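Student: I would like to see how this sequence folds:
(2 chains)
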Protein chains: 2
Amino acid sequence: MEEAIVLGERGRGQTAPNPSVGCVIVRNGGTVGRGWTQPGGRPHAEAVALAEAGAQARGATAYVTLEPCAVPGRGPACADALIEAGIARVVAAISDPFHHVNGDGFDKLRGAGIIVEVGACAAEAERSMAGFLTRQRLGRPFVTLKLAMSLDGRIALPSGESRWITGEEARTDVHRERARADMILVGRGTYQADSPSLDIRLEGYEDRAPRRALLTAGDAPEGWEAIRAPEAVAALPGVNDLLVEGGAGAAAAFLAADLVDRLLIYRAPILIGAGKSAIGDIGLASLAEAHGRWSLAETRMLGIDRLDVYERVRS
Amino acid sequence: MEEAIVLGERGRGQTAPNPSVGCVIVRNGGTVGRGWTQPGGRPHAEAVALAEAGAQARGATAYVTLEPCAVPGRGPACADALIEAGIARVVAAISDPFHHVNGDGFDKLRGAGIIVEVGACAAEAERSMAGFLTRQRLGRPFVTLKLAMSLDGRIALPSGESRWITGEEARTDVHRERARADMILVGRGTYQADSPSLDIRLEGYEDRAPRRALLTAGDAPEGWEAIRAPEAVAALPGVNDLLVEGGAGAAAAFLAADLVDRLLIYRAPILIGAGKSAIGDIGLASLAEAHGRWSLAETRMLGIDRLDVYERVRS
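Tutor: Alright, predicted model coming up:
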């Protein structure tokens, strides 16, 4: 299943509104087929893996990160394809909350005599498909807020100088995050100050071009989409994963609306003192309100900088 | 030597202007004497350890965190005492830069036929006696700046509410740091907003009462000393270790004067947004000036908060 999740990660940022699924077919202890959701969302991971496995799929086990679909779309339903190929056992990480699937995939497989097991690497699969799952459950994209700051929470000098606070390894990691997003959003101030291209300068990802959005009451420039308010992202078709890259106003707007699910803090070992703060007014009335909202999910060094990943605690 | 350093730590905050030294006397693989500098700076660690060892010191090895003193003070010089006790070998972590010692202690020991080795656990000893060493080398105390902040670098809400940002474990750690300091300093704003007692609420340390200082152009209240400017701390007698506890103005004043040697950042997993920043204007003209000044020395979790310790890189 670990391998299936890694395969699913390959499609991140290219499959919306579909989830990016990974699938591995194993027979007699050997891998006979591997697949992941292809750009545009089709073919599905199972179809790709079954095509590779061919006749060797008969009697094999399929490891798949999400419940196979039950209703035919542009191609046959994956549950039907697995049955037809003679798969004996399906191990799925999680079920699919999408109302057209939602257990029907597993029912169909079981009805055909296939052994179905659910739950392996569920947490990893949830993280990997958080965009699709949030879209199904909450009707909006999964929102990641990225902040690059000094030890004292500054993102620029009083002069506006902000390049660079973090080093090259941290900036490369941001490009990896961009490659996983369907859309990247910045605020009006950041657009005017930095005219960011938000491109992805990473070997192997040159073809990725996430949509670009500007949080503004005005018009968007050529090649950008205008978003009037954080809540408006719910209505964006084809956006499962949204990356908010700042600045302080856009960060505050999404936080105040409680629309941030994941926080990436890239922190450089420098002090700036007077300067621009990372986050504007989020309307906090007391310190008690601030506590218990964020849980540390991951921490790692990127050169001399550190990345801390926090997840919103929603109970 | 590790044990000697731990013993030396016991005297921290109580021995200035003397260093807090640790000493372990070992004979035939067994410890026969242990000592650390006593409150007020006397007796020295070696005298305490030799008293415990008694006749067993003959032919033994003395592990001591600092070069033994060579000139008699209120008691006999430690080098003389070690010779008289019949110590065969002295292992010292570092030499003493104090102009009355500065190699004379080692010379005296070697002149008496004692084997002298220097350098074991030198970095740990340097850290443990940083206050005394900085006083000898730079003619001023070793200054630690403590900051307790949110992920976004805030130390209070716009309303001034600041209790509490960090949790109990982090606050207990601050009390440990206070116990190691000879003096604790806050700025005028923090004094007026919080009227901090700066006391030490730690079992076993109830008797510790570091001197309290206020960075102010005006008068100091009863029980406090007025410090006019960061540079003035050089003239304070009996202060090897100074702990600056903020607020933003005092932190900025010490940083702008480049008088901070060690930075303690206690960070809670909360976002505050608009509010009071941890550090005021430090006069930075460009980001290039900010880089390369701080090196991560230690990082550890204190409950859900994290402590990062940075040291000033002085090359």
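
Student: for the closest residue to chain B within the stretch 101-250 of chain A, what are its contacts?
Tutor: The nearest approach of the stretch 101-250 of chain A to chain B comes at A:Gly153, 2.0 Å away (Cβ to the nearest Cβ). From N, CA and C alone the C-beta is placed, and that goes for glycine too. By Cβ atoms under 8 Å, 6 or more residues apart in numbering or on different chains, the contact set of A:Gly153 is A:277-279, B:149-154, B:277-278.

Student: Give me the buried subset of these.
Tutor: A:277-279, B:149-154, B:277-278 (16 or more other Cβ atoms under 10 Å in any protein chain shown).

Student: so which of those comes closest to A:Ala88?
Tutor: Taking Cβ to Cβ as the measure, A:Ala88 lies nearest B:Leu151 of the buried ones among the contacts of A:Gly153, at 49.2 Å.

Student: hmm, back to that, with the buried ones among the contacts of A:Gly153 in mind, which one is nearest to B:Pro221?
Tutor: The closest of those, once distances to B:Pro221 are taken by Cβ to Cβ, is B:Ala278, at 24.8 Å.

Student: and the closest one, how far is that from B:Gly153?
Tutor: Here the criterion is Cβ to Cβ, to the nearest Å. By it, B:Ala278 lies 5 Å from B:Gly153.

Student: What of A:Arg211?
Tutor: A:Arg211 is 31 Å from B:Gly153, by Cβ to Cβ.

Student: now A:Cys121
Tutor: Applying Cβ to Cβ to A:Cys121 and B:Gly153 gives a distance of 36 Å.

Student: Equivalent analysis for A:Ala268, please.
Tutor: 12 Å.

Student: Which neighbours do the two have in common?
Tutor: A:149-151.

Student: Now tabulate the residues you listed in CSV and tack on distance to B:Ile5.
Tutor: Below are those laid out as CSV (distance: Cβ to Cβ, whole Å):
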residue, distance to B:Ile5
A:Met149, 36
A:Ser150, 33
A:Leu151, 28
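
Student: now, which of those residues sits nearest B:Glu289?
Tutor: A:Ser150 (12.2 Å).

Student: count of residues packed around A:Ala55?
Tutor: 8 (other Cβ atoms under 10 Å in any protein chain shown).

Student: Now it: phi and psi?
Tutor: With angles defined as degrees, to the nearest 10, A:Ala55 sits at phi -70, psi -20.

Student: State the distance from the nearest residue to A:Ile304 once chain neighbours are set aside to B:Arg312.
Tutor: Nearest residue to A:Ile304, sequence neighbours excluded (Cβ to Cβ, 6 or more residues apart in numbering or on different chains): A:Pro269, at 5.5 Å. Computed as Cβ to Cβ, the A:Pro269 to B:Arg312 distance reads 11 Å.

Student: ok, which residues in the stretch 201-315 of chain A are in contact with chain B?
Tutor: A:252, A:255-256, A:263, A:265, A:268-275, A:277-284, A:286-287, A:290-291, A:293-296, A:304, A:308, A:310 (Cβ under 8 Å from any Cβ of the partner chain).

Student: Just the buried ones from these?
Tutor: A:252, A:255-256, A:263, A:265, A:268-275, A:277-282, A:284, A:287, A:290, A:293-294, A:304, A:308, A:310.

Student: Just the ones in strands from those residues, please.
Tutor: Of those, the ones assigned to strands by DSSP state E are A:263, A:265, A:277, A:294, A:308, A:310.

Student: Columns pLDDT on top of the residues you listed, output as CSV?
Tutor: Listed next are those as CSV, based on pLDDT from 0 to 100:
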residue, pLDDT
A:Leu263, 98
A:Ile265, 98
A:Ser277, 97
A:Trp294, 98
A:Asp308, 98
A:Tyr310, 98
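
Student: Go through these and name the one nearest chain B.
Tutor: Using Cβ to the nearest Cβ, those come closest to chain B at A:Trp294, 4.8 Å.

Student: Need the pLDDT of A:Gly218.
Tutor: A:Gly218 is assigned a predicted lDDT (pLDDT) of 92.

Student: show me the residues around it that make contact.
Tutor: So A:Gly218 contacts A:188, A:226 (Cβ under 8 Å, 6+ apart).

Student: Can you tell me the SS state at it?
Tutor: coil (DSSP: H, G, I helix; E, B strand; the rest coil).

Student: What does it show for phi and psi?
Tutor: Torsion angles, degrees, to the nearest 10, at A:Gly218: phi -100, psi -160.

Student: now do A:Leu296
Tutor: phi -70, psi 120.

Student: List the beta-bridge partners for it.
Tutor: Listed by DSSP bridges, the beta-bridge partners for A:Leu296 are A:Tyr310.

Student: so what's it up against?
Tutor: A:308-310, B:269, B:304.
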